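[1] below are the sequence and a predicted model for it; my questions follow.
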Amino acid sequence: MTKERHRIFGLDVLRIVCALSIFCTHSITMFGCTYGVCIDGIILNLTIPIMTCFFMISGFTLFYQYQNKQITGSSIIKFFAKRLLTILPSYYLVHVLWIIFYRESASDWLALTPVELVGIQSAYNSLFGILHNGGTWFVSCILFSYLFFPVLQNLLLNAGIKIKIVSI
């Protein structure tokens with residue numbers, strides 16, 4: 001019998017802080033917002049560590065919730081549905097709004113819509129400068145992580161590799 005895992009509130013808060021920080025970074029670099037010279041500098045200098053922290057926390061919480069569970073059959077459908085239903089609506093909304101507000105490049109955006117709709121723009125390094133539209137590139141990275149997590153999780157479980165989380 002597996003022990004029920006509960007959310008770790010502190011990590012949820014830290015993930016929200018990371019997401020807001022990345023939003024602030026994009027608001028400064030893409031839209032010209034400012035939060036004061038000192039604050040802008042701090043936000044911009046912490047972008048890479050904050051993105052790394054967000055991915056690490058996201059990966060840890062996924063592992064924490066599923067560390068002893070096989071993700072196969074109907075559970076894999078539930079796993080993907082839960083994540084896609086929470087992330088794709090806002091992801092698609094940003095794409096549509098980007099086309100509306102940046103009409104000078106609308107033809108490029110429309111041509112690249114299939115890449116954006118499938119969420120694979122982060123797989124194309126040469127498209128970074130084009131498809132880095134307010135954060136959907138970052139979401140594409142998260143989608144890839146969600147795609148590969150069940151595979152890696154099942155490989156670890158089938159190989160008998162156990163990772164123990166020690167709580168303080």
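    Perfect, thanks for sending it.
[2] which helix runs longest in the protein?
    Among the segments of the chain that qualify as a helix by DSSP state H, the longest is helix 73-101.
[3] give me the mean pLDDT for the following helix or strand past that helix.
    Heading C-terminal from helix 73-101, the first helix or strand you meet, by DSSP states H and E, is helix 106-111. Helix 106-111 shows a mean pLDDT of 73 in the predicted model.
[4] and for stretch 82-102?
    Regarding stretch 82-102, the rounded mean pLDDT is 82.
[5] and it, C-alpha only, in PDB?
    The C-alpha trace of stretch 82-102 is given here as PDB (Å, rounded to 0.1, in the frame of the first residue of the first chain):
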ATOM      1  CA  LYS A  82      -4.400  16.800 -16.000                       C
ATOM      2  CA  ARG A  83      -1.300  18.600 -17.100                       C
ATOM      3  CA  LEU A  84      -2.400  19.500 -20.600                       C
ATOM      4  CA  LEU A  85      -5.700  20.900 -19.400                       C
ATOM      5  CA  THR A  86      -4.000  23.200 -16.900                       C
ATOM      6  CA  ILE A  87      -1.200  24.500 -19.200                       C
ATOM      7  CA  LEU A  88      -2.500  24.500 -22.800                       C
ATOM      8  CA  PRO A  89      -5.400  27.000 -22.600                       C
ATOM      9  CA  SER A  90      -3.100  29.900 -21.400                       C
ATOM     10  CA  TYR A  91      -0.400  28.700 -23.800                       C
ATOM     11  CA  TYR A  92      -2.700  28.900 -26.800                       C
ATOM     12  CA  LEU A  93      -4.100  32.200 -25.600                       C
ATOM     13  CA  VAL A  94      -0.700  33.800 -25.500                       C
ATOM     14  CA  HIS A  95      -0.100  32.600 -29.100                       C
ATOM     15  CA  VAL A  96      -3.300  34.100 -30.300                       C
ATOM     16  CA  LEU A  97      -2.800  37.400 -28.500                       C
ATOM     17  CA  TRP A  98       0.700  37.600 -29.800                       C
ATOM     18  CA  ILE A  99      -0.600  37.400 -33.400                       C
ATOM     19  CA  ILE A 100      -3.200  40.100 -32.600                       C
ATOM     20  CA  PHE A 101      -0.800  42.500 -30.900                       C
ATOM     21  CA  TYR A 102       2.200  42.000 -33.100                       C
END
